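*Asks:* Take this sequence and fold it.
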Amino acid sequence: MKYYYTPDTLFVRGDFRAASTGIAGGVGRVTTIFNHTVTTDFDHTDPAKYLWELAASRGYGPDYFGLLTAVSMRHLCVLQYDFITVFVTAGVTNPNPDPDPARPHTINIIVTSREGLGDGALLETIITATEAKAMALREAGRSFTGTTTDAVVVASEGEVDHVYAGTFTEVGRRVYAAVLHGVREALDRQEGRVVRERPTYFIFSRYGGDHWVEWQPEGCPYYPCHFEGQVCDFCYCPFYPCRDESLGDWVESSSGGQIWSCSRCTLLHEPEVAAYFKRNPEANLKELKKYRASLEENPKK
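*Replies:* Next up is the predicted model:
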């Protein structure tokens, strides 16, 4: 799985078995999931066709699940908890039973797992994510459990590792925690209590006790973690965990088991490579490594 975003759209790419409650949703294999921002006065007679046209404009085929929102992508929250990554945009000015279609609304949640989920687990993850969303709204003092147009997409890659995803399972407790935190943070950004100029990234850390850490490039206490002049735009790596042993390693986790460490990887910190990736967001790791090799073979005079 990898993801990238433009000013108005989040794209998540991979080889997924997925379930969607959104427009033209269902259960199936997809290679693209996206969340697209529309204007508050959006009134398309055929939203499914609109999504198809959007996918086609990017060169993507019909194997996708798409979502629409009036929330700006700069309010997007991305949360990583081990093998689970969650993407949330949230606006609640259109709560049921008093909808106001002229104002921004919709809580969109995309859950991805790099460990395979059976179809039952995919569907149960939708329930778990919805429970967490309802709790986040309750803790925020809202009298409703969602808006009139909320949607959830759940996707996983690889062979099936999990057949259940309730809140007591390894999948469910991670999804619940990420969605609970993500909805709260996304609402804070949409409603102006927290101001960020770009999407926000959160990582679940066990260092010093379990907690969520927001990564921000400004004032990072670890800069430079690799070399002076490094680019930090992709510190929250869209390829993680790449499992490319020329770039990273499996290391022992403080909580047991192994985790992927990319502490020695400088690929996306190198200015020329980072600039190339911004110009070519569909580039894979092999292409980026090849581009870096070409720079090494033909250094600028």
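*Asks:* Show me the shaky parts of the stretch 51-200 of the chain.
*Replies:* Within the stretch 51-200 of the chain, the ranges that satisfy pLDDT under 70 run 94-104.
*Asks:* Helices of that one, start to end?
*Replies:* Secondary structure of the stretch 51-200 of the chain, counting by DSSP state H, counting those that start in this stretch: helices at 119-139, 170-190.
*Asks:* Deepest in the core, which of these is it.
*Replies:* Among the helices of the stretch 51-200 of the chain, helix 170-190 has the highest mean neighbour count (mean count of other Cβ atoms under 10 Å), at a mean of 23. C-beta here means a position set from N, CA and C on the backbone, and glycine is covered the same way.
*Asks:* on that earlier part again, any chance of a markdown table for the helices of the stretch 51-200 of the chain, columns distance to Thr40?
*Replies:* Listed next are the helices of the stretch 51-200 of the chain as a markdown table, based on distance: least, Cβ to Cβ, whole Å:
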| stretch | distance to Thr40 |
| --- | --- |
| helix 119-139 | 21 |
| helix 170-190 | 12 |
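*Asks:* out of these, which comes closest to Leu68?
*Replies:* Nearest of those to Leu68, taken as Cβ to Cβ: helix 170-190 at 15.4 Å.
*Asks:* roughly how far apart are Pro221 and Phe277?
*Replies:* From Pro221 across to Phe277, the span is 25 Å (Cβ to Cβ, to the nearest Å).
*Asks:* between those two, which one's more packed in?
*Replies:* Phe277 (22 against 5; other Cβ atoms under 10 Å).
*Asks:* Nearest spatial neighbour of the residue nearest the centre of the chain, chain-adjacent residues omitted?
*Replies:* Taking Cα atoms, centre = their mean, the centroid of the chain lies closest to Phe87, which sits 3.5 Å from it. Distances taken as Cβ to Cβ, 6 or more residues apart in numbering place Ile110 nearest to Phe87, at 4.2 Å, with adjacent residues excluded.
*Asks:* Could you do Ala132 as well?
*Replies:* Val179 (3.7 Å).
*Asks:* can you give me the strands in the stretch 101-250 of the chain?
*Replies:* 105-113, 116-117, 151-156, 160-162, 200-205, 211-215, 249-252 (DSSP state E, counting those that start in this stretch).
*Asks:* and of the helices of the stretch 51-200 of the chain, who's closest to Phe42?
*Replies:* Closest among the helices of the stretch 51-200 of the chain, using Cβ to Cβ: helix 170-190, at 16.7 Å.
*Asks:* From the contact counts, what lies against the closest one?
*Replies:* Judged by 3 or more Cβ pairs under 8 Å, 6 or more residues apart in numbering; DSSP states H and E, the packing partners of helix 170-190 are strand 77-81, strand 84-92, strand 105-113, helix 119-139, strand 200-205.
*Asks:* for Tyr201, what are its contacts?
*Replies:* Residues in contact with Tyr201 (Cβ atoms under 8 Å, 6 or more residues apart in numbering) are 78-80, 214-215, 236.
*Asks:* Wait, a strand at Ala19?
*Replies:* Yes - assessed by DSSP: H, G, I helix; E, B strand; the rest coil, Ala19 belongs to a strand.
*Asks:* can you pull up the bridge partners for it?
*Replies:* As for beta bridges, Ala19 partners with Val27, Val154 under DSSP bridges.
*Asks:* What is the neighbour count of it?
*Replies:* Look at Ala19: counted by other Cβ under 10 Å, it has 25 neighbours.
*Asks:* Please verify my assumption that it contacts Val153.
*Replies:* Yes - contact status for Ala19 versus Val153: in contact at 7.2 Å, counting by Cβ atoms under 8 Å.
*Asks:* shared neighbours of these two, which are they?
*Replies:* Taking Cβ under 8 Å, 6+ apart as the contact rule, Ala19 and Val153 both touch Gly25.
*Asks:* quick one on the thing from earlier: possible to save the strands of the stretch 101-250 of the chain as JSON lines with distance to Ala132?
*Replies:* Below are the strands of the stretch 101-250 of the chain laid out as JSON lines (distance: least, Cβ to Cβ, whole Å):
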{"stretch": "strand 105-113", "distance to Ala132": "9"}
{"stretch": "strand 116-117", "distance to Ala132": "17"}
{"stretch": "strand 151-156", "distance to Ala132": "10"}
{"stretch": "strand 160-162", "distance to Ala132": "17"}
{"stretch": "strand 200-205", "distance to Ala132": "14"}
{"stretch": "strand 211-215", "distance to Ala132": "14"}
{"stretch": "strand 249-252", "distance to Ala132": "30"}
